[in-house]
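Q: Sequence and predicted structure, then a few things I'm wondering about:
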Protein chains: 2
Amino acid sequence: MKTLVEALLAVLPADSVSVDPETLGRCSHDDAEWAPIGSPAVVVFAATVDEVAATMRVAAERGTPVVPRGAGTGLSGGANAVDGCIVLSLERMTRIVEVETAERYAVVEAGVLNDDLRRHVAASGLWYPPDPASQAISTIGGNVATNAGGICCVKYGVTRDYVLGLTVVLADGSVVELGRTTAKGVTGYDLTALMVGSEGTLGIVVEVTLKLLPLGGREERAVVGYFRSLPEAGAAVAAVTAAGIVPSALELIDRTCLDAVSAWQGWDLPVGATALLLAKVDEPGERGEILAAQIADLFAGAGGDRIERADDADEIDRLFRARRLAYPALERLGPVLTEDVCVPRAMVPEMLTRIEQAAADNDVVIANIAHAGDGDLHPLIIAPEGDDAARARAKTAFDRIVADCRALGGTVTGEHGVGLLKLDGAAAELSPAVLRLHRAVKSALDPQGILNPGKAFPNGD
Amino acid sequence: MKTLVEALLAVLPADSVSVDPETLGRCSHDDAEWAPIGSPAVVVFAATVDEVAATMRVAAERGTPVVPRGAGTGLSGGANAVDGCIVLSLERMTRIVEVETAERYAVVEAGVLNDDLRRHVAASGLWYPPDPASQAISTIGGNVATNAGGICCVKYGVTRDYVLGLTVVLADGSVVELGRTTAKGVTGYDLTALMVGSEGTLGIVVEVTLKLLPLGGREERAVVGYFRSLPEAGAAVAAVTAAGIVPSALELIDRTCLDAVSAWQGWDLPVGATALLLAKVDEPGERGEILAAQIADLFAGAGGDRIERADDADEIDRLFRARRLAYPALERLGPVLTEDVCVPRAMVPEMLTRIEQAAADNDVVIANIAHAGDGDLHPLIIAPEGDDAARARAKTAFDRIVADCRALGGTVTGEHGVGLLKLDGAAAELSPAVLRLHRAVKSALDPQGILNPGKAFPNGD
């Protein structure tokens, strides 16, 4: 019998198959801290749908696990290798197949970067809204696999809201076209939606048809303000919601972030500043003016301090600078595990308070960036390198945050995916009957269990 | 062994179980013309989730098929009985369980009418957008089962875009909670989306968690205009799209509709009027004014005649009167089969032309109402009662319309569902590999095949 590599080389170009140790290492994991990493047998760099299908046929014949990856920017370990697997990289599949301006959709290969798509369709007056923080470096295929969110999703929805159709290579190497290009369509089951967020455990997404919006007709305005307490910031968020305003961004950064940024940049924070809220609206003209003024008033009414407004791009950029610098400021303190929990938006202050307590009780540094407008929090847990005791305490805090999120009616992952890091959380969140449903669907589509085994939900294997 | 009715009466209140012939007849079908209707053994009127679960346990034990129904307003035969089945009516499950104003969602039982939900949440300043034409009489459960669309969906999306979570009774009578109440969430597979539009073939939807929008902040403005040819009307629609405008309604009614309405109402149409376009925008204030004026200009530029604008509710109502009266005007001519095909929006004029040709070639009356803004057409085929030859010709025209829609890159059902009427169309649209996927998912969730057998996709059984 041929070896795995021989079998792959028999059906793929030589330069698509690598066993180079540096390549194996680089392609064996995503950006998640702490998640276990297996040793892949080989990396395949597929350049076409046919090459993905050929790879899957080899894998199916031999029962070899396949771990698909885009750019490896995931934060939950969904692209981490399992021992002996084929890592199937789609990073060479970067073709923008079609942009249909009259129907407002684009067809792209899985390896296209989010920002490249964005720039490309902007030339046709179109806009792809989902904006994960990784947008400059993450692929559309990865965005689809994790159902990526982002900042503007509070108004414009997440990746799944833009996926009209998919080309998917199944576990047996067959290729299916799911979904449609029309604006509406209800023919058969919504297998497109089933694939979105399934982290490569049901099929390999190779091509994506994405709904687009008109690029024009929006004008951004920003409002920011400091708050002395988390409940005050929470009251401001609640007031915006209660006023019926749907902002295009509503972000919060907490005191630990603010301290890290101001220490780094030499900024002078207001006395007692505990949180900074950053909002945007994008309605054009008079309406945008009215909404921005209303948000500023609501911030002030909730106790906000140093409230500032901006309506030109540079000024908006300046006001949002603290948000942009928060992550790099924290990385200066040590490796950052980016947590992701989503609670009812009214629970954001309570959840932040509980996170502060978890940090204090376990003597770890935890900073918070939150998509406050949709209740999605990213506690950033810093565990100094090489300090096993600190890491164990950090893990205790992580588990407590997940449990607290559940206790407040939340979900254990808002937009990063289950991957490997949230398997325990998913087991707590999904009932035994729902887990049985997951297993039934997984077995139906991947009877051998070779597609990214062990990811996305606790499969009990 | 107990009879089916005895077994049901052993676990359900006596008044929930009916074998009354009039009830069996009334509950054996939906509003689809032409779809085959089987003879049910019994109708169960479940009032609680437990009663649905008890019914499913009886059915599972005996292998009896179950056909769920809401208000029976479906247009594809999805709720039509199969011989010997239990018809499981959810019309008594009308409880609005919760309206959460801070998080903007509602939890309702499946039997709540769309309009009742709408009125109820309006009292809390909230809005449920999906607006199928049946909104006054159709249930949310039915809307979910068919992924119902409507007029405002061109801007606000369809039912699936608002379903955050579901309570579903599975084939074996177990009850699962799918989805979430938070704004975001990616824990596990999106089984919620898989259930939406699955026409009761994967589970019985008993409770629905729906995302809501703020009620305020919108101001409706209408623009209508007559066109002398379908290509001119098509050019007007394309011009609105190209201008980056996303209207909150963009409807077309064709000459046959116009003739039926004007004959009935004694209206005076412009000479040579072939189509009427009806648009709405809902941006408030100055912005809405600008957009409405822009649409009026674009209509005029494309050759529109008698262009009128309105910005108060009564006037808008008057301008949209022809749209509202089209269906009843046609029903005066005979039973109406409401077709539903969705093509790329640029193909709407070509599709309408082909439909006219199919009508002429087969000597049947076919009128058209179209959601022109999203390419979803409703050819209304009128086959006089008791005229078998006419009905055969109408069926030939129906099949040709489905084939033409496919030839133009469309999908065989935009928003009404496959039910029974579109099984052939679905078989043509979905590849053998995609149909295998459907069967695999169906078998995984309903191994006995008792849930609404023969609906939603061609199962080959």
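A: Okay, I see it.
Q: residues in the stretch 301-450 of chain A within reach of chain B, list them.
A: Contact residues (CB under 8 Å from any CB of the partner chain) of the stretch 301-450 of chain A with chain B: A:342-346, A:371, A:373-376, A:409-418, A:422, A:425-426, A:429-431, A:433-434, A:437-438, A:440-441, A:443-445. In short, each C-beta sits where N, CA and C put it, glycine included.
Q: and the residues you listed, which are buried?
A: A:342-346, A:371, A:373-376, A:409-418, A:422, A:425-426, A:429-430, A:434, A:437-438, A:440-441, A:444-445 (16 or more other CB atoms under 10 Å in any protein chain shown).
Q: Residue A:154 and residue A:376, how far apart?
A: 9 Å (CB to CB, to the nearest Å).
Q: And residue A:85, by the same measure?
A: Distance from residue A:85 to residue A:376, by CB to CB: 31 Å.
Q: How about residue A:126, nearest residue that isn't a chain neighbour?
A: Nearest residue to residue A:126 in three dimensions, chain neighbours excluded: residue A:212, at 4.1 Å (CB to CB, 6 or more residues apart in numbering or on different chains).
Q: where do the contact lists of residue A:154 and residue A:376 overlap?
A: residue B:183 (CB atoms under 8 Å, 6 or more residues apart in numbering or on different chains).
Q: Let's verify residue A:99: helix, strand, or coil?
A: strand (DSSP: H, G, I helix; E, B strand; the rest coil).
Q: Just the pLDDT for it.
A: Looking at residue A:99, its pLDDT stands at 98.
Q: what's the answer for residue A:2, then?
A: pLDDT, residue A:2: 94.
Q: Quick check, it in contact with residue A:10.
A: Yes. Checked against CB atoms under 8 Å, the pair residue A:2 and residue A:10 is within contact range at 6.9 Å.
Q: Send me stretch A:250-267 as PDB with only the CA atoms.
A: What follows is stretch A:250-267, C-alpha atoms only, in PDB (Å, rounded to 0.1, in the frame of the first residue of the first chain):
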ATOM      1  CA  LEU A 250     -21.300  50.200  20.400                       C
ATOM      2  CA  GLU A 251     -18.100  49.100  22.100                       C
ATOM      3  CA  LEU A 252     -16.900  49.100  25.600                       C
ATOM      4  CA  ILE A 253     -13.400  48.900  27.000                       C
ATOM      5  CA  ASP A 254     -12.800  48.500  30.700                       C
ATOM      6  CA  ARG A 255     -10.400  50.000  33.200                       C
ATOM      7  CA  THR A 256      -7.700  47.400  32.800                       C
ATOM      8  CA  CYS A 257      -7.600  48.100  29.000                       C
ATOM      9  CA  LEU A 258      -7.700  51.800  29.700                       C
ATOM     10  CA  ASP A 259      -4.800  51.500  32.200                       C
ATOM     11  CA  ALA A 260      -2.700  49.500  29.700                       C
ATOM     12  CA  VAL A 261      -3.300  51.900  26.900                       C
ATOM     13  CA  SER A 262      -2.700  55.000  28.900                       C
ATOM     14  CA  ALA A 263       0.400  53.600  30.500                       C
ATOM     15  CA  TRP A 264       1.700  52.800  27.100                       C
ATOM     16  CA  GLN A 265       0.700  56.000  25.300                       C
ATOM     17  CA  GLY A 266       1.100  58.400  28.200                       C
ATOM     18  CA  TRP A 267      -2.600  59.300  28.100                       C
END
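Q: which residues in the stretch 351-461 of chain A form helices?
A: A:388-407, A:423-429, A:432-445 (DSSP state H, counting those that start in this stretch).
Q: These into TSV, with extra columns for mean pLDDT?
A: Shown next, in TSV, are the helices of the stretch 351-461 of chain A (pLDDT from 0 to 100):
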stretch	mean pLDDT
helix A:388-407	95
helix A:423-429	96
helix A:432-445	97
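Q: For residue A:65, which of the ones you listed is the nearest?
A: helix A:432-445 (13.4 Å; CB to CB).
Q: Give me the helices and strands touching the closest one, please.
A: strand B:175-179, helix B:191-195, helix B:432-445 (3 or more CB pairs under 8 Å, 6 or more residues apart in numbering or on different chains; DSSP states H and E).
Q: Now do it against helix B:432-445, angle only.
A: 150 degrees (axes from the mean of the first three to the mean of the last three CA atoms, to 10 degrees).
Q: Specify the local secondary structure of the closest residue to residue A:228 other than its chain neighbours.
A: Of all residues not flanking residue A:228 in the chain, residue A:272 sits nearest, at 4.7 Å (CB to CB, 6+ apart). Three-state call for residue A:272 (three-state DSSP): coil.
Q: Give me every residue in the stretch 51-200 of chain A lying close to chain B.
A: Residues of the stretch 51-200 of chain A lying near chain B (CB under 8 Å from any CB): A:100-104, A:125, A:146-147, A:149, A:153-154, A:157-158, A:160-161, A:170, A:174-178, A:180-191, A:193-194, A:196-198.
Q: Produce a ChimeraX select command limited to the buried residues of these.
A: Entered in ChimeraX, the line below selects the buried ones among these, by 16+ other CB under 10 Å:
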select /A:100,101,103,104,146,147,149,153,154,157,158,160,161,170,174,175,176,177,178,180,181,182,183,184,185,186,187,188,189,190,191,193,194,196,197,198
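Q: Low-confidence stretches in the stretch 151-300 of chain A?
A: Nowhere does the stretch 151-300 of chain A drop to pLDDT under 70.
Q: Residue A:132 versus the residue in the stretch 251-400 of chain A that chain B sits nearest to, what's the distance?
A: Residue of the stretch 251-400 of chain A nearest chain B, by CB to the nearest CB: residue A:374 (3.4 Å). From residue A:374 across to residue A:132, the span is 14 Å (CB to CB).
Q: ok, now residue A:307?
A: 28 Å.
Q: same question, residue A:142
A: Taking CB to CB, one finds residue A:142 at 9 Å from residue A:132.
Q: which residues do those two both contact?
A: With CB under 8 Å, 6+ apart, residue A:142 and residue A:132 have common neighbours residue A:148.
Q: More neighbours: those two, which one.
A: residue A:142 (33 against 23; other CB atoms under 10 Å in any protein chain shown).
Q: So that one: helix, strand or coil?
A: helix.
Q: What separation do you get for it and chain B?
A: To chain B, residue A:142 is 13 Å away according to CB to the nearest CB, to the nearest Å.
Q: residue contacts, that residue?
A: By CB under 8 Å, 6+ apart, the contact set of residue A:142 is A:69-71, A:73-74, A:79, A:110, A:148.
Q: Just the buried residues out of these, in PyMOL syntax.
A: Filtering the contacts of residue A:142 down to the buried ones (16+ other CB under 10 Å) takes a single PyMOL command:
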select buried, chain A and resi 69+70+71+73+74+79+110+148
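Q: mind listing which of the contacts of residue A:142 are in strands?
A: The strands, defined by DSSP state E, take in residue A:69 from those.
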